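# Sequence and predicted structure are below.
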Amino acid sequence: MNYEAVISCAPVPWPGGHSFLLQEVGPKKVIEHWSDALTEASHSLTLCMNEPDHALLDYISSSFPLSKRVSVRLNVPPEAAEGCSFFETDGSIKLRSGATLQPFLPASNPAEVWFRVVKRWLEELETKGSSLPEIETQPTPGVVVGHHCRISPDTQLIPPCWIGNRATLRSCTIGPFAAVGEKSIVSQKTRIINSYVKSGTFVGEGLCLDGLVVGGKRILEHSTGRAAQIIDPSMLCPV
């Protein structure tokens, strides 16, 4: 069966300026998680776009098995025989038919819905462990650490949390429900809770990140999807 989903024409200010589907959830991008679900169900996906997204098109065409499972077309049809809703309220990915096409993210709070996927993934790490044991370790249930990380002895890792490859953590507190992307640096006296630090991000000293998606030049509150400022004094907290 071929499922269809709509990419909203409204721009979403994701960190780094990339498409939602190209955002990372742990070691994979969102579209790779979707592809896994499609492969397990022996289904395919058609993404209907109002406007061309060249970064997404290039990524799909150059990635296997995405190029076999996912296709893209422009001009969203007014009606469709089948529709698809990928996200449940708990953030799990479900393939579900419907009478009409449905956007995969609501226009009102896209970051919140996206973070549900991150939280669901972290919960699964806590209960099932990592599927990549050759490059990740799980020192305690729900704490997964990539390879070649530099973590000071006084850093606290509170499950569930995930630390990407080559990350550096300096006397900070990570978790619960926190992910630190690959090659990121987190400074001392900083707390990261219910937040996602994207790959290659530097987080300064003495900050409290709670409910944020941080990366590049954009910081989003995932409860609203609006831009946030971590230098705001209200976001500072003692450690």
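Now that the structure is in, tell me what you want to look at.

# Report how many residues lie close to His54.
For His54, the count of nearby residues is 8 (other Cβ atoms under 10 Å). For the C-beta atoms, the positions are set from N, CA and C on the backbone; glycine is no exception.

# wait, Thr140
If you count neighbours by other Cβ under 10 Å, Thr140 ends up with 11.

# The closest residue to it other than its chain neighbours - how many residues pack around it?
In space, Thr140 comes closest to Pro159 once its chain neighbours are excluded; the distance is 6.5 Å by Cβ to Cβ, 6 or more residues apart in numbering. By other Cβ under 10 Å, 21 other residues sit near Pro159.

# mind checking which helix or strand Pro159 is in?
For Pro159, there is no helix or strand it lies in under DSSP states H and E.

# Show the contacting residues for it.
Listed by Cβ atoms under 8 Å, 6 or more residues apart in numbering, the contact partners of Pro159 are Glu126, Thr140, Pro141, Gly142, Val143, Gly175, Pro176.

# Quick one: name whatever helix or strand follows the longest helix anywhere in the chain.
Identified as the longest helix of the chain according to DSSP state H is helix 110-128. Heading C-terminal from helix 110-128, the first helix or strand you meet, by DSSP H and E, is strand 136-140.

# who does that next one touch, helix- and strand-wise?
Helices and strands touching strand 136-140, by 3 or more Cβ pairs under 8 Å, 6 or more residues apart in numbering; DSSP states H and E, are strand 143-146.

# List the buried residues for the strand it packs on?
Val143, Val144, Val145, Gly146 (16 or more other Cβ atoms under 10 Å).

# quick one: average confidence on it?
Here strand 143-146 scores 91 as its mean pLDDT.

# swap in stretch 18-31?
When pLDDT is averaged over stretch 18-31, the result is 82.

# Pretty sure Val213 sits against Val113.
No - checked against Cβ atoms under 8 Å, the pair Val213 and Val113 is beyond contact range at 11.9 Å.

# More neighbours: those two, which one.
The residue with more neighbours, out of Val213 and Val113, is Val213; 24 against 19, by other Cβ under 10 Å.

# Name whatever forms a beta bridge with the more buried one.
Tyr196, Leu220 (DSSP bridges).

# ok, now which ones touch it?
Shown in contact with Val213 (Cβ under 8 Å, 6+ apart): Trp14, Pro15, Ala111, Trp114, Phe115, Ser195, Tyr196, Lys198, Ile219, Leu220, His222.

# one more time with 6 Å
By Cβ atoms under 6 Å, 6 or more residues apart in numbering, the contact set of Val213 is Ala111, Tyr196, Leu220, His222.

# ok, the residues you listed vs Gly181, which is closest?
Nearest to Gly181 among the contacts of Val213 is Tyr196, at 7.6 Å by Cβ to Cβ.

# Isn't the closest one up against Val118?
Yes - using Cβ atoms under 6 Å, Tyr196 is in contact with Val118, at 5.5 Å.

# Let me know how buried His148 is, in neighbour terms.
Residues lying near His148 (other Cβ under 10 Å) number 10.

# How about the secondary structure of it?
At His148 the chain is in coil, as set by DSSP: H, G, I helix; E, B strand; the rest coil.
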